[in-house]
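1. coords below, sequence missing:
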């Protein structure tokens, strides 16, 4: 017998409008609204250049990087900036301006939530 | 001091050409080839309808579902079949025909590998 009752979720207030979401994928089907929100994050990582940039930031010393640190992905600096902005809009990176440069960090809670959704999908 | 040496990876032979890939995103930047391969999987989950279908299969009793079990996502059965095929091509689902219906299952190793890439991104 499966429990298909869907509990209402609190609508979290997070800068950028993106928040950690949702239960492990084995628990219950996602609602349309949850799927909309979460698909946005997966889509942001669904581009090879963006995924490389994300891994460059995630693996960079100190866990942060600026555009000046990322120059070997074969695209121009404006394109790098554009992709970093997309990752930020999806809630996967945060940014902070310090002097001339904007520094990017992985947003741990959002990325952890995505990992948890998938990581539990086969347990 | 960061270790930027990239070890060659074995090229796995998996039906559909997709295989679990790659190290946790904090470990080192992805290569272009790894990013290509992995972005395909994230992209497959980057569509709200596909993500709902994936969660419907993952959370279905017995861990598998056929198109006949999935009818409440607001799209036609051919569209459902099309999206399931895309998820299969990305290596996220496997399928097996039994009688009239094709049954879909989550491919645990691939999904676990994606979860691990993300899950370790903040540890």
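-> Perfect, thanks for sending it. If you're wondering where the values come from, they're calculated on a predicted model, not measured in any experiment.

2. does chain B have contacts with stretch A:104-111?
-> Yes: with Cβ under 8 Å from any Cβ of the partner chain as the threshold, stretch A:104-111 lies in contact with chain B, specifically through A:106, A:108, A:109, A:111. To be clear about C-beta, it is placed using only N, CA and C from the backbone, and glycine gets the same treatment.

3. would you mind checking the residues you listed for buried ones?
-> Buried members of the residues of stretch A:104-111 next to chain B, scored by 16 or more other Cβ atoms under 10 Å in any protein chain shown, are A:106, A:111.

4. quick one: pLDDT of the most centrally placed residue in chain A?
-> For chain A, the residue nearest the mean C-alpha position is residue A:92 (2.6 Å; Cα atoms, centre = their mean). pLDDT for residue A:92: 94.

5. touching, it and residue A:109? I think so.
-> No: shown here, residue A:92 and residue A:109 do not form a contact pair, counting by Cβ atoms under 8 Å, at 10.6 Å.

6. coming back round to it: next one: phi and psi at the residue nearest to the centre of chain A?
-> phi -90, psi -20 (degrees, to the nearest 10).

7. residue contacts, it?
-> Residue A:92 makes contacts with A:41, A:44, A:45, A:54, A:106, A:107, A:110, A:111, as judged by Cβ atoms under 8 Å, 6 or more residues apart in numbering or on different chains.

8. format those residues as JSON lines; extra columns: pLDDT, distance to residue B:63 and secondary structure.
-> Conversion of the contacts of residue A:92 to JSON lines gives the following (pLDDT from 0 to 100; distance: Cβ to Cβ, whole Å; DSSP: H, G, I helix; E, B strand; the rest coil):
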{"residue": "A:41", "pLDDT": "93", "distance to residue B:63": "24", "secondary structure": "helix"}
{"residue": "A:44", "pLDDT": "96", "distance to residue B:63": "28", "secondary structure": "helix"}
{"residue": "A:45", "pLDDT": "95", "distance to residue B:63": "25", "secondary structure": "coil"}
{"residue": "A:54", "pLDDT": "94", "distance to residue B:63": "30", "secondary structure": "helix"}
{"residue": "A:106", "pLDDT": "93", "distance to residue B:63": "31", "secondary structure": "strand"}
{"residue": "A:107", "pLDDT": "89", "distance to residue B:63": "31", "secondary structure": "coil"}
{"residue": "A:110", "pLDDT": "84", "distance to residue B:63": "27", "secondary structure": "helix"}
{"residue": "A:111", "pLDDT": "84", "distance to residue B:63": "26", "secondary structure": "helix"}
